[in-house]
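**Q** Next comes the sequence, and after it the predicted model I'd like to discuss.
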Amino acid sequence: MTSEAGDGPPSQRFLQSAVGRRSLQRTVSELRTRRPSMALAPVGAIFSADKPLENPPPGAKNFSGKWEMDKVRSDDMIELLKLNGVPWVARKTLATAGHTTVVEHDGLEWTETISCSIISTTESCVIDGSEFRKVNPITRKVMLVRTVYTHEGSCITSTTQFPDGVTTLTTIRHLIEGDRTYLVDN
């Protein structure tokens, strides 16, 4: 889908992925050549909590922009919504709704607003590896999240620890296709 004039480069797309049981041990080049999917595995932390970052890595990408979900290229969101404890009726409604994501990214500051016809959520964080609490807007459960730059600044990776203390979800954000497509791989 194309973005509106003045909202960033034309043809900005947002790809959302769905839950699969594949390993996250993939390279960025593999991610760029396949259909996006979501991997879920109870894994340990992939970040260093020793010392938070003070600055983004040199040459880090800026993800700012307005992104429309490309439903043709994106996987079904049902399993991701189920993992997040979203009730069946809400899952069905959210999975069929169109989504718009607005990212405001300035150095280590990140704000992401995801909107669809029935709900809008905004999440802000610092991309320095520090832990923050995130409240699921539907279930109201608290999750612990850490977000860092990975792949020499070309990706933003968040690790979310679910309330059960066992399940961990890793989300890797990429800009692909000449930075015109925002790929979210879970």
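**A** Received it, and whenever you're ready, just let me know what you need.
**Q** what comes up buried for whatever helix or strand V148 lives in?
**A** If you go by DSSP states H and E, V148 is part of strand 142-150. Of the residues in strand 142-150, 143, 145-150 count as buried by neighbour count, 16 or more other C-beta atoms under 10 Å. (C-beta placed from N, C-alpha, C; glycine too.)
**Q** Given that strand, what are its sheet partners and their directions?
**A** Applying DSSP bridges, strand 142-150 is found paired with strand 131-135 (antiparallel), strand 155-161 (antiparallel).
**Q** Quick one: these as JSON lines, columns for mean pLDDT, mean neighbour count and distance to T171 too.
**A** As requested, the strands paired with strand 142-150 are exported to JSON lines (pLDDT from 0 to 100; neighbours: other C-beta atoms under 10 Å; distance: least, C-beta to C-beta, whole Å):
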{"stretch": "strand 131-135", "mean pLDDT": "91", "mean neighbour count": "13", "distance to T171": "11"}
{"stretch": "strand 155-161", "mean pLDDT": "94", "mean neighbour count": "21", "distance to T171": "5"}
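**Q** And those strands: which comes nearest D75?
**A** strand 155-161 (18.3 Å; C-beta to C-beta).
**Q** moving C-terminal of that closest one, what's the next helix or strand?
**A** strand 168-176.
**Q** Report the angle between that following strand and strand 142-150.
**A** 40 degrees (axes from the mean of the first three to the mean of the last three C-alpha atoms, to 10 degrees).
**Q** pLDDT (mean, whole number) over strand 168-176?
**A** For strand 168-176, mean pLDDT is 91.
**Q** how about the helix or strand following it: buried residues?
**A** For strand 168-176, the following helix or strand on the C-terminal side (DSSP H and E) is strand 181-185. By neighbour count on 16+ other C-beta under 10 Å, the buried set for strand 181-185 is 181-185.
**Q** gap between strand 181-185 and the chain center?
**A** Counting by C-alpha atoms, centre = their mean, to the nearest Å, strand 181-185 is centred 8 Å from the centre of its parent chain.
**Q** Return the list of helices and strands in contact with it.
**A** strand 13-15, helix 28-33, strand 168-176 (3 or more C-beta pairs under 8 Å, 6 or more residues apart in numbering; DSSP states H and E).
**Q** ok, now with 6 Å
**A** Secondary-structure packing of strand 181-185 (3 or more C-beta pairs under 6 Å, 6 or more residues apart in numbering; DSSP states H and E): strand 13-15, strand 168-176.
**Q** Any regions of this structure where pLDDT drops low?
**A** 1-52 (pLDDT under 70).
**Q** switch to 90 and redo it
**A** Scanning the chain for pLDDT under 90 picks out 1-55, 68-100, 114-121, 135-141, 152, 162-167, 169, 176-186.
**Q** Tell me where the longest helix sits in it.
**A** When the chain is parsed with DSSP state H, its longest helix is helix 88-96.
**Q** Against which helices or strands is it packed?
**A** helix 78-83.
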